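> 3D, please:
(chains A and B, ligands or ions: 2)
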Amino acid sequence: MPGGSSLYKSGTGMWMWVAHRTTGVAVFFFLLIHVTDTALVRVSPEAYNQVIGLYKNPFMGLVESGLVAAIIFHALNGLRIISVDVWEWANRHQNRLAWAVWILWIIAMAGFLPRHLGHVFGGE
Amino acid sequence: MRTAATKDASTKDAATKDAATKVAATGEVATFEVILKIRRNNPEASGEHEAGAGYWQEFRVKVHSTERILDALHTIKWEQDGSLTFRRSCAHGVCGSDAMRINGRNRLACKALIKDLHPSRPITIEPIQGLPVLKDLIVDMEPFFASYREIMPFLMPSGDAPKRERLQSPEQRARFEDTTKCILCAACTTSCPVFWTDGQYFGPAAIVNAHRFIFDSRDDAAWERLEILNDRDGVWKCRTTFNCTDACPRGIQVTEAISQVKRALATHRV
Ligand code: SF4
Ligand code: FES
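Ligands and ions are numbered 1, 2, ... in the order given. Purely as a prediction, here's the structure:
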């Protein structure tokens, strides 16, 4: 803030929007990569196998966790945004719905992470 | 007439002075010192600052715990630095002149009590964002009013004017009651991150005022306004961040009004 203007201090709504954008862009880039690597199978199956092989390391395993986290958040918050626009009650209680999104997100991640990381670090 | 008024004023003055001493005597209104950190901007170059360059300046002010940011700004302007520039008219939350960003949130200076703003730390005051700054806390409101005019904020009934008043049931009135309260302060529009990055967006205030007529049973131009808001820069740009609802000094459910307009467009029903 020293030079420019201050950061706007808004409530949950704006930060949910920022998170929605960020996860949206992240998922978009994943899809881009995913479409490219899947398309590779038509070009050269060997190259495809090689690329998919690259994914099988702990680092990519963590990236995958992040990806799933982003997708789940984006999906849940997407439902919140839709309900805010179509349902008066949801509009008045968007704050509470934001908390519901995070709680459901934690539950989903708690189900997914142990299994996934078990795969990544424990081998098949 | 004139003398009577002055007399009246002076007796009133005496009365308030009396009241003030009384209160001071019982020690009910506490005074304390606050630091106001104000974002300044002078369109003319001075010795220290280039023309139009923003900078922060701190002022120390003694205030009563009953006073508002506007009172502190007055104290600064009248006693410390006459060049400090801001808009205000009614000083009571009616005219919508003095929306500014106070401690990072859009508020009316005349409705923001200093004691509620963590006065132990410096309070930051900036012009509202997204409209061109003219000087200090004054922004050019013209783009804001241009959007407002575009949605045709006046009653457009069809047919001949009736001989008597246009009747409306309480239920019909209730549909747009909330949006009649707007004072066009621009706190909502300039709290919107979509508007900050795209000044073409109509913004919450224009949509609120369109809502006021779209859902008015006496008006017959709802679809003309809805057509305007169906534009690329219209209602679909809203990302429901709720900054506007939080900023509105009249407590209007701004985001809800915008959603109602979206729904009218989506369902083709008003
Ligand atoms: S809707 Fe509220 S914040 Fe927006 S211009 Fe009207 S009074 Fe100001
Ligand atoms: S001065 Fe009129 S609303 Fe604040």
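
> contacting residues for the residue nearest to the spatial centre of chain B?
Residue closest to the average C-alpha location in chain B (Cα atoms, centre = their mean): B:Cys185, at 2.6 Å. Residues counted as contacts of B:Cys185 (Cβ atoms under 8 Å, 6 or more residues apart in numbering or on different chains) are B:96-99, B:108, B:249. C-betas here are computed from N, CA, C, even on glycine.

> so of those, which ones are in helices?
Per DSSP state H, helices hold no members of these.

> rebuild those as JSON lines, extending it with neighbour count, pLDDT and distance to chain A.
Listed next are the contacts of B:Cys185 as JSON lines, based on neighbours: other Cβ atoms under 10 Å in any protein chain shown; pLDDT from 0 to 100; distance: Cβ to the nearest Cβ, whole Å:
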{"residue": "B:Gly96", "neighbour count": "20", "pLDDT": "97", "distance to chain A": "20"}
{"residue": "B:Ser97", "neighbour count": "21", "pLDDT": "97", "distance to chain A": "20"}
{"residue": "B:Asp98", "neighbour count": "27", "pLDDT": "97", "distance to chain A": "18"}
{"residue": "B:Ala99", "neighbour count": "30", "pLDDT": "98", "distance to chain A": "14"}
{"residue": "B:Leu108", "neighbour count": "29", "pLDDT": "98", "distance to chain A": "16"}
{"residue": "B:Pro249", "neighbour count": "20", "pLDDT": "98", "distance to chain A": "16"}
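
> farthest-separated two in those residues?
Using Cβ to Cβ, the contacts of B:Cys185 span at most 11.6 Å, a distance reached by B:Ser97 and B:Pro249.

> so, low pLDDT: which residues of chain A?
A:1-4, A:123-124 (pLDDT under 70).

> which parts of it sit against chain B?
Within chain A, the positions near chain B by Cβ under 8 Å from any Cβ of the partner chain are A:1-2, A:4-14, A:16-17, A:81, A:84-86, A:88, A:91-92, A:94.

> can you tell me the closest non-neighbouring residue to A:Met109?
A:Ala69 (6.1 Å; Cβ to Cβ, 6 or more residues apart in numbering or on different chains).

> the one you found: neighbour count?
Applying other Cβ atoms under 10 Å in any protein chain shown, we find 17 residues neighbouring A:Ala69.

> mind listing what B:Asp140 touches?
By Cβ under 8 Å, 6+ apart, the contact list for B:Asp140 reads B:131-134.

> what's the closest non-adjacent residue to it?
In space, B:Asp140 is closest to B:Pro132, 4.5 Å off (Cβ to Cβ, 6+ apart).

> quick one, what contacts the one you found?
By Cβ under 8 Å, 6+ apart, the contact list for B:Pro132 reads B:139-140, B:143.

> re earlier: for the contacts of B:Asp140, which one is nearest ligand 1?
B:Leu131 (12.3 Å; Cβ to the nearest ligand atom).

> ok, the closest residue to that closest one other than its chain neighbours - contacts?
Distance criterion Cβ to Cβ, 6+ apart; nearest residue to B:Leu131, sequence neighbours excluded, is B:Val139 at 4.0 Å. B:Val139 makes contact with B:127-128, B:131-133, B:190, according to Cβ under 8 Å, 6+ apart.

> partner residues bridging B:Val139?
B:Val133 (DSSP bridges).
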